[in-house]
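Q: Below is the structure, and that's it, no one-letter string:
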């Protein structure tokens, strides 16, 4: 047993640890531990009270046993008792035991919290430090609730010692990360910012970590920290290593604090010009020091120096506002591309990927293309080669696309299997995006399938088919090239799929060549048939029936194949069904029918590329694809709308590079808007005026109108952001779930949605919103809940304003939130007698209103009559439905445009519908048009200006088209007439839109005989 020094305070602990180490087997160790546990348990349960030393010793033994991997189920109370001791060593062991063994759900938490409160109130810096360390180590929600309000006071108190301030800042950071909702933002936030000016650099370092985390969630609260951070950084960068001796690490002054300050500045846009000039000087100084010869040959010196350099480059990239700094940073990173240290090469490639997305430094990055290609060929570390692939992808443009694609294809033959699929996707995207000649694109994709066929996903070969079908000038070349590629003795199944599809559509374009006659094409494809999987065989059968239409001379040969037992009696039901149906079709159908059924595929619609979506999904949030697009093309205005395509682009014949012609994983195209002016873009990038509300986004008004009759759907979408709604309403209350989706792979920072209500709307509509996480990861979705209470009637809708930063660019989007008065209507059912009784009670002049307005458009009598007569068509298809909607719209305009006196003419127009006898030129038209129907006019006890007569034509529509179609028609009418203003639209549920009381339409469909006409028309 080793000797124990005379001054050791716990001899028994040293003896126990020595015994454990001397055990020869696991069984001996367990036996010794059980013996010690029994001894400790007897001591704790004994009648004799233990002194502090004994408790400390036994608690230390329990802690050591726990660290060996054994469960401890007693001794917790003794550890809590140690917290009340005035001896530092005893209190320290008590806090250590609690930090390691006590669960956050333990019943002792209250006792522990009381002991911690006593130590925090003691103002003893040693005891306060122990208490703060324990809070940070446990970090439970209960402790956050108990101390989140007290720790900030300790942090900003003037008499708190520096060591306690450090512990308080880090403890508050731990609680905020664990329970951010329990840490209140108050007066202390402005005072904690001034800790950046503290003389003690340890306090500044801890405070910077806290402020950085808080600023990511609440940027406005800590925006004053920018100038202080720049000032502190300037003092560190310009100081000599001897000025900060306690915080100089291998001749690098305060590297950890420098990195934290640079990271804090990345939470904000470029500062004001005065502060920006000082920050630029700091960054230039850091870049200059990187060029100086090293002051030490030790690796710690270069690590600290490069850590500050790379963080400074990250800040330069984040601001993206200083061309000189961006180019210098690119040149500095270019020197690291050939450095002997692998980690530096990796970091240089990763940083240059981001630099390539800036328009200022893109050309500078391109100058290193040969070095990057060489790294791709010679680098031994696979992770570095992967970063080289990413950089080649990021620096690619039309000037070097063919070179980069060729190098990536060459590397693909020997690439690691883990990154082959990603390289395939990138080659496919680049080949399509920068294809000047689409024959080169076809050659590239076919070569891609030949080299790495197993890693070519369906999206890739779908894509080449879509491009070929949409471009007439490449179809013949594609058919010839695919035919030649299929002649290889062994070709991949994906190539057979592409060949079968293209030859089935365009094989006739090369059939004139004797070397590719129809029979040779068929024999070539059929020779691959038995080697393919079931889905590919099914595609080839479809190609065969296409050949029957294209080449009648091979019809007999194909029918023999379809008639064979291997097809008609195939074990797979899909192949069997296709063979039977295709054989029957080729035998029975005439030439004209066959040509109609098997006509050439039409061009596909343009949508977002499914290949790009697959790459985003594979790469995750770290990819810079969307950042690169947004920054290089600079096509985003303050509302986030993309710049419109050039007028020369043809949607039918020239698909966009990002079009998803099959619609796989596609999203609807974003609404387009006017291109941003150069001045507006500069203001957007460099200004801090985040409080300005943008005008309504283009197309948002149309989406708003669609939500009048529905509660769920997509309210707004562009290339960056998608806003979806899901809402429910009951009586005067409602709840709306707003879903914000990040469609890019780059984080949204400072994401702040705000509901804006006009002054008169605030009195009539109460809105309560829950906060949203200010950081939205790439491809992620966050949810915001809005609770709604309708206090009184209203006409305007609240505006939803979303502000965030994407790739250093400020985005500002505004849309109208579809909260309309009709959402709070409730239906009321009553008999006709009750209705008339209630109707007669509305006798005050204020409860009656009439509205006289002119038609929006002039009307031609003959054209109107012809349109009205279309409503009697007996065709019940979609075309008839559209004509009926047009008829009802025209009739509404007809009633609105009648000359004075309005009451008499309105009554005349609808007299036949109400089965009234009346005279007038318009009554004859009304009698002819609608032999059935009824009308109800409402008088409202609500605001007289919102009451309006409503004609409900439900029985007539229902009799013509059926109930289900009639409901759809009336819903469409609600949208069509929404322009009439609040309270004047069609009511799709038989409600009276002029009142929140929900006065019902008398009777219902099919009860015409029992109804009495209402002739007291108010409109």
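A: Yep, it's here. All values derive from a computational prediction rather than experimental measurement.
Q: Which residue lies nearest the spatial centre of this protein?
A: residue 742 (1.9 Å; CA atoms, centre = their mean).
Q: Can you tell me which helices and strands the helix or strand containing residue 90 packs against?
A: Using DSSP states H and E, residue 90 sits in helix 88-101. Secondary-structure packing of helix 88-101 (3 or more CB pairs under 8 Å, 6 or more residues apart in numbering; DSSP states H and E): helix 52-67, helix 76-82, helix 125-138. Quick note: C-beta positions are derived from backbone N, CA and C, even for glycine.
Q: Identify the residues contacting it?
A: Helix 88-101 has contacts (CB atoms under 8 Å, 6 or more residues apart in numbering) with 9, 52-53, 55-56, 59-60, 62-63, 66-67, 72, 75-76, 79-83, 85, 112, 119, 126-127, 130-131, 133-134, 137-138.
Q: Just the buried ones among those, please.
A: Buried subset of the contacts of helix 88-101 (neighbour count, 16 or more other CB atoms under 10 Å): 52, 55-56, 59-60, 62-63, 72, 75-76, 79-83, 85, 112, 119, 127, 130-131, 133-134, 137-138.
Q: how close does the closest residue in space to the residue nearest to the centre of the chain that isn't next to it in sequence sit to residue 817?
A: Spatial nearest neighbour of residue 742, chain neighbours left out: residue 776 (4.6 Å); criterion: CB to CB, 6 or more residues apart in numbering. Using CB to CB, to the nearest Å, residue 776 is found at 19 Å from residue 817.
Q: and if you look at residue 763?
A: Distance of residue 763 to residue 817, computed by CB to CB: 17 Å.
Q: more crowded one of the two?
A: Counted by other CB atoms under 10 Å, residue 763 and residue 817 do not tie: residue 817 has more neighbours, with 23 against 12.
Q: That one contacts residue 757, correct?
A: No - under the criterion of CB atoms under 8 Å, residue 817 is not in contact with residue 757, lying 9.6 Å apart.
Q: how about the strands in this protein?
A: Counting by DSSP state E, one finds strands in the chain at the ranges 248-249, 252-253, 712-717, 721-730, 733-742, 748-756, 765-769, 781-790, 799-806, 809-816.
Q: helices or strands up against the fifth one?
A: Using 3+ CB pairs under 8 Å, 6+ apart as the contact criterion, the elements in contact with strand 733-742 are strand 721-730, strand 748-756, strand 781-790.
Q: Turn those into JSON lines, columns for mean pLDDT, mean neighbour count and distance to residue 466.
A: JSON lines is the format used below for the helices and strands packed on strand 733-742 (pLDDT from 0 to 100; neighbours: other CB atoms under 10 Å; distance: least, CB to CB, whole Å):
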{"stretch": "strand 721-730", "mean pLDDT": "87", "mean neighbour count": "18", "distance to residue 466": "24"}
{"stretch": "strand 748-756", "mean pLDDT": "87", "mean neighbour count": "19", "distance to residue 466": "31"}
{"stretch": "strand 781-790", "mean pLDDT": "88", "mean neighbour count": "16", "distance to residue 466": "28"}
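Q: Can you report how many residues neighbour the nearest residue to residue 10 once chain neighbours are set aside?
A: Leaving aside its sequence neighbours, residue 10 sits nearest to residue 57 (CB to CB, 6+ apart; 4.9 Å). Residue neighbour count, defined by other CB under 10 Å, stands at 20 for residue 57.
Q: now the helices and strands packed on helix 88-101 in TSV, with mean pLDDT and distance to residue 208?
A: What follows is the helices and strands packed on helix 88-101, written out as TSV (pLDDT from 0 to 100; distance: least, CB to CB, whole Å):
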stretch	mean pLDDT	distance to residue 208
helix 52-67	91	34
helix 76-82	90	34
helix 125-138	92	17
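Q: Mind checking those for the one nearest to residue 332?
A: With respect to residue 332, and counting by CB to CB, the nearest of the helices and strands packed on helix 88-101 is helix 125-138 at 38.1 Å.
Q: What distance do you get for residue 448 to residue 525?
A: 21 Å.
Q: Looking at those two, which has the bigger crowd around it?
A: The residue with more neighbours, out of residue 448 and residue 525, is residue 448; 25 against 22, by other CB under 10 Å.
Q: Which pLDDT value does the model give the more buried one?
A: Residue 448 carries a pLDDT value of 91.
Q: Likewise for residue 687?
A: pLDDT at residue 687 comes out at 37.
Q: And for the one 10 residues further on?
A: Reading off the per-residue confidence, residue 697 sits at a pLDDT of 75.
Q: again with residue 945
A: pLDDT, residue 945: 30.
Q: repeat for residue 864
A: So residue 864 comes in at 68 (pLDDT).
Q: Check residue 18 too.
A: In this prediction residue 18 is given a pLDDT of 93.
Q: distance of it from residue 59?
A: Residue 18 is 19 Å from residue 59, by CB to CB.
Q: ditto for residue 342
A: 47 Å.
Q: same deal with residue 371?
A: Per CB to CB, residue 371 is found 61 Å from residue 59.
Q: And for residue 261?
A: For residue 261, the distance to residue 59 - CB to CB - is 42 Å.
Q: Please name whichever of the helices and strands packed on strand 733-742 is nearest to residue 274.
A: strand 748-756 (22.6 Å).
Q: angle of that closest one against strand 733-742?
A: 150 degrees (axes from the mean of the first three to the mean of the last three CA atoms, to 10 degrees).
Q: which residues are in contact with strand 748-756?
A: 216, 219, 267, 690, 693, 721, 738, 740, 742, 767, 769, 772-776, 782, 784, 786, 798-806, 811, 817.
Q: what's the neighbour count on residue 460?
A: With other CB under 10 Å as criterion, residue 460 counts 26.
Q: Could you measure from the closest residue in space to it that isn't next to it in sequence over to residue 441?
A: Nearest residue to residue 460 in three dimensions, chain neighbours excluded: residue 428, at 4.7 Å (CB to CB, 6+ apart). According to CB to CB, residue 428 stands 9 Å off from residue 441.
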